[in-house]
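S.K.: What would the 3D arrangement of this be:
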Amino acid sequence: MRNNKKPDVSRVQLHSDDNKKKNVLLSWVVSIIAIVVVAAASYSAYVYFKAKNAVDQTYDPSNKVEIKSGEFNGSKNFAVLLMGTDTGALNRTDKMGNTDTMILAVVNPKKKRYSLMSIPRDTMAQMVGAPKFKVQKINAAYSIGGAKMAMDSVSKLINVPIKYYAIVNMGGIMKMIRYVGGIDVKPTLSFEYGGYVFKKGKTNHMGGAGALAYSRMRYDDPEGDYGRQKRQRQVITTLIQKAVSLSSLSNLDSILESVSGNVRTNLPFSALQAIAMNYRNCASDSKSDYLHGYSVEIDGSSYQVQPTRELQRVSDYVREELGLEQEVVNNNETYQNQRNVASGFDFNSSKTQKYKIYDDYTEEGDN
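M.R.: Predicted structure coming up:
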């Protein structure tokens, strides 16, 4: 793995303005499904039922959660873990790849807003649910233990309850972009990647492969993985706008097919309908944030380690947005931080330091 080119302090500064931006979509994965549902409902009853059938195929019964009456009535807060994976793209044939993107979307109807909390892919985390104690980068949780391990690991990391998830693979995004006739995107920076050349500020008409290349580049972006996440949101936002346009309705069968084959969620059709219809007033305001970590070396590989104060900051914010009381974060990550600081690790240093994983951590021994 390669270390990020800029220290984390600089990355925080680079993103201070971005975190204040408004009108980011409620969630790019859920929106792909929910907006198609709404569009189909307004088109005709026949297409509506075709959409329902397609969305039903995205449903993951293995992670079924009991949804109480009125849970998505427009007045209750909720959170969804959003994930993106490369599975199915660029000749990859593995069924469950690592997640390149992990975002916890929290909807707060009382404040009429939603928050997007990004979890950096290289974040050190305990793989909750593994047969024995295991620490990996958080993006490996889905490939190791599926959606349940991903939800449980993020939940334990920042001490917030997570019941719902949605995941889309970039192979599906490529197909959908092709079916809508391509998308027009204005690059946020100039770079070359995968044989494609992108010029900042110059509108590009992108097919599926071009859009994937634009959204995948990471190391040549001065904002690193965070810059890539912005480009991914840009591509998805543009795709959604194009997908629900009248000119795309003739390809609705193909669009629905790509949704059903490349999206998985434990939110059933009825819940997605309710979210799309009852939380519209939450889409006008938003907050965007992310876990601010430190680049470290663990057993020869680069990781992002989150200081305890940062885990607590994010936990406090998300719990408040969910209407929950704040609690002290007490988990494997805070334990490892405590042990490493006691051994001389300095979270105030700008240098890349070695970080040791102590395998004597136990749930009973929470510190």
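S.K.: what stretches of this protein score poorly on pLDDT?
M.R.: Counting by pLDDT under 70, the ranges of the chain that qualify are 1-48, 86-96, 237, 240-241, 243-253, 255-256, 258, 364-367.
S.K.: buried ones in the lengthiest helix in it?
M.R.: Ranked by residue count under DSSP state H, the longest helix found in the chain is helix 224-243. Of the residues in helix 224-243, those buried by neighbour count under the rule 16 or more other Cβ atoms under 10 Å are 224-240, 242-243. Backbone N, C-alpha and C define where each C-beta goes, glycine included.
S.K.: In terms of secondary structure, what does the helix or strand encompassing I177 contact?
M.R.: Counting by DSSP states H and E, the secondary-structure element that holds I177 is helix 170-179. Helix 170-179 makes packing contacts with helix 208-216, helix 224-243, helix 252-262 when contacts are defined by 3 or more Cβ pairs under 8 Å, 6 or more residues apart in numbering; DSSP states H and E.
S.K.: repeat that for 6 Å
M.R.: Other helices and strands packing on helix 170-179, by 3 or more Cβ pairs under 6 Å, 6 or more residues apart in numbering; DSSP states H and E, are helix 208-216, helix 252-262.
S.K.: got the angle for the longest helix of the chain vs helix 208-216?
M.R.: 140 degrees (axes from the mean of the first three to the mean of the last three Cα atoms, to 10 degrees).
S.K.: can you give me how far helix 224-243 is from the chain middle?
M.R.: A distance of 12 Å separates the centroid of the chain from that of helix 224-243, by Cα atoms, centre = their mean, to the nearest Å.
S.K.: can you offset everything so residue one is 199?
M.R.: Yes, from this point I'll number from 199; that puts the last item at helix 422-441.
S.K.: quick one: it to helix 368-377, angle?
M.R.: Going by the same axes, to 10 degrees, helix 422-441 makes 40 degrees with helix 368-377.
S.K.: V527: neighbour count?
M.R.: For V527, the count of nearby residues is 22 (other Cβ atoms under 10 Å).
S.K.: For it, give me its contacts.
M.R.: If a contact means Cβ atoms under 6 Å, 6 or more residues apart in numbering, then V527 has N357, L509, Q510, S513 as its contacts.
S.K.: Now do the phi/psi pair for the first one.
M.R.: I take that to be N357. The phi and psi torsions at N357 (degrees, to the nearest 10) take the values phi 60, psi 50.
S.K.: need the contact list for it.
M.R.: The neighbourhood of N357, defined by Cβ under 6 Å, 6+ apart, consists of S513, E525, V527.
S.K.: Just put these in a markdown table and tack on distance to V333.
M.R.: A markdown table is the format used below for the contacts of N357 (distance: Cβ to Cβ, whole Å):
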| residue | distance to V333 |
| --- | --- |
| S513 | 19 |
| E525 | 22 |
| V527 | 16 |
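S.K.: ok, back up a step: out of the helices and strands packed on helix 368-377, which gets nearest to D350?
M.R.: D350 lies closest to helix 450-460 among those, at 23.8 Å (Cβ to Cβ).
S.K.: Check the burial of the nearest residue to A338 once chain neighbours are set aside by counting its neighbours.
M.R.: On the basis of Cβ to Cβ, 6 or more residues apart in numbering, the spatially nearest residue to A338 that is not a chain neighbour turns out to be N296, at 5.5 Å. For N296, the count of nearby residues is 19 (other Cβ under 10 Å).
S.K.: Would you mind confirming that N296 is in contact with K335?
M.R.: No. Contact between N296 and K335 fails when scored by Cβ atoms under 6 Å: they sit 7.9 Å apart.
S.K.: which is the next helix or strand following the strand or helix carrying V512?
M.R.: The secondary structure element spanning V512 is helix 506-519 (assigned by DSSP H and E). Read in the C-terminal direction, the helix or strand following helix 506-519 is helix 530-540, with elements assigned using DSSP H and E.
S.K.: What separation is there between I375 and Q432?
M.R.: Counting by Cβ to Cβ, to the nearest Å, the separation of I375 from Q432 is 13 Å.
S.K.: list the contacts for F467?
M.R.: With contacts defined as Cβ under 6 Å, 6+ apart, F467 is in contact with K250, V253, D254.
S.K.: Put the buried members of those into a PyMOL selection.
M.R.: Isolation of the buried members of the contacts of F467 (16+ other Cβ under 10 Å) is achieved in PyMOL through the command below:
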select buried, resi 250+253
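S.K.: so which of the contacts of F467 comes closest to K549?
M.R.: Of all the contacts of F467, the one sitting nearest K549 is V253; the distance, using Cβ to Cβ, is 49.1 Å.
S.K.: How much space separates the residue nearest to that closest one when sequence neighbours are not counted from S313?
M.R.: Take V253 and drop its neighbours on the chain: the residue closest to it by Cβ to Cβ, 6+ apart is F467, 4.8 Å away. In this view, F467 and S313 are 25 Å apart by Cβ to Cβ.
S.K.: ditto for V383
M.R.: The gap separating V383 from S313 is 25 Å, by Cβ to Cβ.
S.K.: hmm, back to that, kindly reformat the contacts of F467 as CSV and extend each row with secondary structure.
M.R.: Conversion of those to CSV gives the following (DSSP: H, G, I helix; E, B strand; the rest coil):
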residue, secondary structure
K250, helix
V253, helix
D254, helix
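S.K.: Closest one of the contacts of F467 to S482?
M.R.: Where these are concerned, and distances follow Cβ to Cβ, S482 has its nearest neighbour in V253, at 25.0 Å.
S.K.: on that earlier part again, report the distance from the helix holding I375 to the chain centre.
M.R.: 18 Å.
S.K.: can I assume A303 sits in a strand?
M.R.: Yes. According to three-state DSSP, A303 belongs to a strand.
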